[in-house]
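*Asks:* My questions are about this predicted structure, shown below with the sequence.
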There are 2 protein chains.
Amino acid sequence: MEIISSLDNKKIKNYSKLLQKKYRDLDNLFIVEGEHLVKEAYASNVLKEVIMCEDYNLNLNVPTTYVTYDVIKKLSNTLNPQKIMGICYKLKTKEIGDKVLILDDIQDPGNLGTIIRSSVAFNIDTIILSNNTVDLYNDKVIRASEGMLFKINILRDDIVNVINHLKANNYSIYGTKVDGGKDISTIKPSSKYALVMGNEGAGVKDEILNLCDEYLYIPMNSECESLNVGVATSIILYSLNK
Amino acid sequence: MEIISSLDNKKIKNYSKLLQKKYRDLDNLFIVEGEHLVKEAYASNVLKEVIMCEDYNLNLNVPTTYVTYDVIKKLSNTLNPQKIMGICYKLKTKEIGDKVLILDDIQDPGNLGTIIRSSVAFNIDTIILSNNTVDLYNDKVIRASEGMLFKINILRDDIVNVINHLKANNYSIYGTKVDGGKDISTIKPSSKYALVMGNEGAGVKDEILNLCDEYLYIPMNSECESLNVGVATSIILYSLNK
């Protein structure tokens, strides 16, 4: 059994570049860390190769490369990575479903990951990321999603175009607005809808808010100006799913 | 006007130690960053001193020390800190209120900050942190709380003792459990209650779960095993507050 220990090994050097978005886009690949995510990738038929420490015990029907722990570290942004990594093909996208979440420039990878996780929990079938939303394949997004990115259809597109397309196809478009919005608990969602949620600091852009058919709000104590966007999105999705 | 530029200045050296929990506990002080938090600290009567760049314009009735941006950086864990910091006295605690959230060993500072923010939004009046929960005055907790830590009563204690005390005082104690729990939307909360939420990986300890009077769950798609603990806590608090 060959064990790669050199950090200058060509394959390892190439894979380590996948920590940068530029190379993920170029090679159409991304990295996942840990057995749970490697197995989820395998179940989703996107696992190209396993990279693991020589003493790690997992047998999947894909090419496996054995390495030292120092080599594993070169493939991770965490200080103490798990001893197994997967190299994955980027996920294929499907047609837009009936229950859609549109994200307007979410910047924090932890927030995006959390939102993906909650979207699966509350039966969203498609997430549309605006072109300026953080990269889906950022390692922190993947970690925070707890593997749920493999269980949902996620597209990246110009969201103004997407919203206009959805409106033409009889989707209700929901935005959020504190003044003049409707309490989320009073909404009976349409059979086809899209919820638009916005950037951490700036919220949803006016241009996009103006395209919405209905505005929702979460009733809360006025001492608190706003919720974390991952939390706000999750509460609305929970409520729409009831 | 004296402007401190030396990173070896005694006062600055001492304040920079407040980035470590040990010194926050020793001096009973903590640091906040940015005008919003400095003003919240001032409004809460805990602002001891302002440290700001010479070109920053803010006038509060507390001692102010002018410094260079390099000195500001020494007081922050962020790469590009804001140009104003506040040195604050740790918050005074009050009696336990009627709507209580108990946190069993939350480890991630972002999660704790988010939970504090949502607790204010949904009218919790007291949060009890278990002794092993991440430090309330950790800079990431303060940032994620968006200043809401100044608007709520937060204690740290042995939570088994606290729960027994609350039970003796007729509080209902709610835990979470997927099997055999009640759908959160069916719960009419008691006038006095405490919700117990647990650690990111391990959940609530059995010993503590056994003390609960009632178990709640959030209905969700079985593809998703669990929600982020900040999200789950926020959804339950939202629901109990309705």
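*Replies:* Thanks, I have it.
*Asks:* hey, let's count contacts and neighbours off CA atoms from now on
*Replies:* Fine.
*Asks:* Would you agree A:E49 falls within a strand?
*Replies:* Yes. The assignment for A:E49 is a strand, going by DSSP: H, G, I helix; E, B strand; the rest coil.
*Asks:* Would you mind naming the residues that bridge with it?
*Replies:* A:I87 (DSSP bridges).
*Asks:* mind listing the strands for chain A?
*Replies:* Counting by DSSP state E, chain A forms strands over residues A:3-4, A:29-33, A:47-53, A:64-67, A:84-89, A:99-104, A:126-130, A:153-157, A:172-176, A:182-183, A:193-198, A:214-217, given from the N-terminal end onward.
*Asks:* Let me have these in CSV, extended by mean pLDDT and mean neighbour count.
*Replies:* Conversion of the strands of chain A to CSV gives the following (pLDDT from 0 to 100; neighbours: other C-alpha atoms under 10 Å in any protein chain shown):
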stretch, mean pLDDT, mean neighbour count
strand A:3-4, 94, 16
strand A:29-33, 98, 25
strand A:47-53, 98, 23
strand A:64-67, 97, 19
strand A:84-89, 98, 22
strand A:99-104, 98, 24
strand A:126-130, 98, 23
strand A:153-157, 98, 19
strand A:172-176, 96, 23
strand A:182-183, 96, 16
strand A:193-198, 97, 24
strand A:214-217, 96, 20
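*Asks:* quick one, which of the ones you listed is nearest to B:V71?
*Replies:* strand A:193-198 (34.8 Å; C-alpha to C-alpha).
*Asks:* which other residues reach that closest one?
*Replies:* A:98-106, A:171-176, A:203-205, A:229, A:233 (C-alpha atoms under 8 Å, 6 or more residues apart in numbering or on different chains).
*Asks:* Same question for stretch A:53-66.
*Replies:* By C-alpha under 8 Å, 6+ apart, the residues outside stretch A:53-66 that reach it are A:1-4, A:42, A:47-52, A:67-69, A:72, A:83-84.
*Asks:* you'd agree A:I51 is up against A:V71?
*Replies:* No. Here A:I51 does not reach A:V71: they are 9.2 Å apart, not a contact under C-alpha atoms under 8 Å.
*Asks:* Same list, the strands of chain A, but as TSV with distance to B:Y238 please.
*Replies:* Listed next are those as TSV, based on distance: least, C-alpha to C-alpha, whole Å:
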stretch	distance to B:Y238
strand A:3-4	51
strand A:29-33	34
strand A:47-53	39
strand A:64-67	46
strand A:84-89	38
strand A:99-104	21
strand A:126-130	24
strand A:153-157	28
strand A:172-176	17
strand A:182-183	12
strand A:193-198	18
strand A:214-217	12
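*Asks:* Ok, which of those strands comes nearest B:T126?
*Replies:* strand A:214-217 (25.0 Å).
*Asks:* In its sheet, which strands sit next to that closest one, and in what direction?
*Replies:* Note on strand A:214-217: by DSSP bridges, its sheet partners are strand A:172-176 (parallel), strand A:182-183 (parallel).
*Asks:* Any residues of chain A in contact with chain B? List them.
*Replies:* If contacts are counted using C-alpha under 8 Å from any C-alpha of the partner chain, the residues of chain A sitting beside chain B are A:114, A:117-118, A:120-123, A:148, A:151, A:220-224, A:226-228, A:230-231, A:234-235, A:238.
*Asks:* Report the buried members of the residues you listed.
*Replies:* Buried residues within these, defined by neighbour count using 16 or more other C-alpha atoms under 10 Å in any protein chain shown: A:114, A:117-118, A:120-123, A:148, A:151, A:220-221, A:224, A:226-228, A:230-231, A:234-235, A:238.
*Asks:* Could you give the number of residues near A:N28?
*Replies:* Here the number of neighbours of A:N28 (other C-alpha atoms under 10 Å in any protein chain shown) works out to 14.
*Asks:* distance of the closest residue to it other than its chain neighbours from chain B?
*Replies:* Excluding the flanking residues, the one nearest A:N28 by C-alpha to C-alpha, 6 or more residues apart in numbering or on different chains is A:K90, at 5.6 Å. Remark: distance between A:K90 and chain B (C-alpha to the nearest C-alpha, to the nearest Å) = 21 Å.
*Asks:* Contacts only, for A:K90.
*Replies:* A:28-30, A:46.
*Asks:* mind giving me the domain split of chain A?
*Replies:* Domain ranges of chain A: A:3-89, A:99-241, per automatic domain parsing.
*Asks:* Can you lay out these as TSV showing distance to B:K21?
*Replies:* Converted to TSV, the domains of chain A look like this (distance: least, C-alpha to C-alpha, whole Å):
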stretch	distance to B:K21
domain A:3-89	21
domain A:99-241	24
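*Asks:* So which of these is nearest B:Y23?
*Replies:* The nearest among the domains of chain A, by C-alpha to C-alpha, is domain A:3-89 at 25.2 Å.
*Asks:* Show me how far that closest one is from its chain's centre.
*Replies:* 19 Å (C-alpha atoms, centre = their mean, to the nearest Å).
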